[in-house]
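Novice: this is the structure alone, sequence omitted:
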C-alpha cells in the first residue's frame, strides 16, 4: 500500500456496515507457506524460507512452553498435596505424645493411687496437649472475670449479674476457646453481666 491509498481523514465507524466489503479469511497453514515459498524467486524466496524456518522455531518454542507450563502446574499441585500431608503428619505426631501420657496415667494401679496423684497425671497430659496446640499455632481464649465481652472471640451463654462488674463484661468463664492467628476455632463460652 502506498501513501496515496491512505485516507486523509479518519473513517467514520458509524457508517452503515453493509457497504463494507468483507474480505475472506485466509487460513495460513504449512501447505500454503510451502506453496508461496516455491513460487517466489531470488531474495524474496530466501526471506520467505527464513520466515518459514522462524515460524517452525516459534511453533516448537510455543509447544515447549506449554508443556513446561503444564508440568509446572502439575508439580505445584503435587507439592501442595505433599506439604498438606506433611503438615497433618507433623500435627498428628505431636499429638501422639499426649496420647502416650494419657495411656501412662490410665495404666497406673488406680487402687494404689490417690485422687491427687491421678489429677496430677491428667494435669500433666493437659499441659502437654496445650503446649502441642500452641506449637501448632492455636492459642487458648480464656478471658478473665471483668474483661469486656468480645463477640468475635466469646460466646455469651447466659446473662448473670455480678457485684462490681459492668454491663457487657464477663462474669464467668464456662469453657475456654481456641484461636489461630486468623480464625477463632471455638469461642470461649462465658456469662455476661446484663
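Specialist: Ah, there it is. Model, not experiment: these values are computed from the prediction.

Novice: low-confidence stretches in this protein?
Specialist: Residues of the chain that meet the criterion pLDDT under 70 lie in 1-42.

Novice: any idea where the helices of it begin and end?
Specialist: Under the criterion DSSP state H, the chain contains helices at 30-39, 42-106, 115-135.

Novice: in TSV: the ones you listed, plus mean neighbour count and distance to residue 154.
Specialist: Heads up, the C-betas are built off the backbone N, CA and C, glycines and all. Shown next, in TSV, are these (neighbours: other Cβ atoms under 10 Å; distance: least, Cβ to Cβ, whole Å):
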stretch	mean neighbour count	distance to residue 154
helix 30-39	12	71
helix 42-106	11	26
helix 115-135	14	19
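
Novice: identify whichever of those lies nearest to residue 149.
Specialist: Closest of the helices of the chain to residue 149 is helix 115-135, at 23.8 Å (criterion: Cβ to Cβ).

Novice: next, the angle from that closest one to helix 42-106.
Specialist: In terms of direction (axes from the mean of the first three to the mean of the last three Cα atoms, to 10 degrees), helix 115-135 departs from helix 42-106 by 170 degrees.

Novice: any idea how far residue 104 is from the most centrally placed residue in the chain?
Specialist: Centroid check for the chain by Cα atoms, centre = their mean gives residue 80 as the closest residue, at 9.6 Å. For residue 80, the distance to residue 104 equals 37 Å [Cβ to Cβ, to the nearest Å].

Novice: again with residue 73
Specialist: For residue 73, the distance to residue 104 (Cβ to Cβ) stands at 48 Å.

Novice: which phi and psi does residue 136 have?
Specialist: phi -80, psi 0 (degrees, to the nearest 10).

Novice: contacts only, for it.
Specialist: 91, 94 (Cβ atoms under 8 Å, 6 or more residues apart in numbering).

Novice: same thing with the one 4 residues further on?
Specialist: Listed by Cβ under 8 Å, 6+ apart, the contact set of residue 140 reads 130, 133, 176-178.

Novice: any chance of CSV for those residues, columns distance to residue 165?
Specialist: Below are these laid out as CSV (distance: Cβ to Cβ, whole Å):
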residue, distance to residue 165
130, 27
133, 29
176, 19
177, 20
178, 25
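
Novice: the residues you listed: which two are farthest apart?
Specialist: Farthest-apart pair in those is 130 and 177; separation 12.9 Å (Cβ to Cβ).

Novice: what is the burial count for residue 149?
Specialist: Each residue near residue 149 was counted by other Cβ atoms under 10 Å, and the total is 18.

Novice: could you pull up the residues touching it?
Specialist: By Cβ under 8 Å, 6+ apart, residue 149 lies in contact with 156, 168-170, 190, 192.
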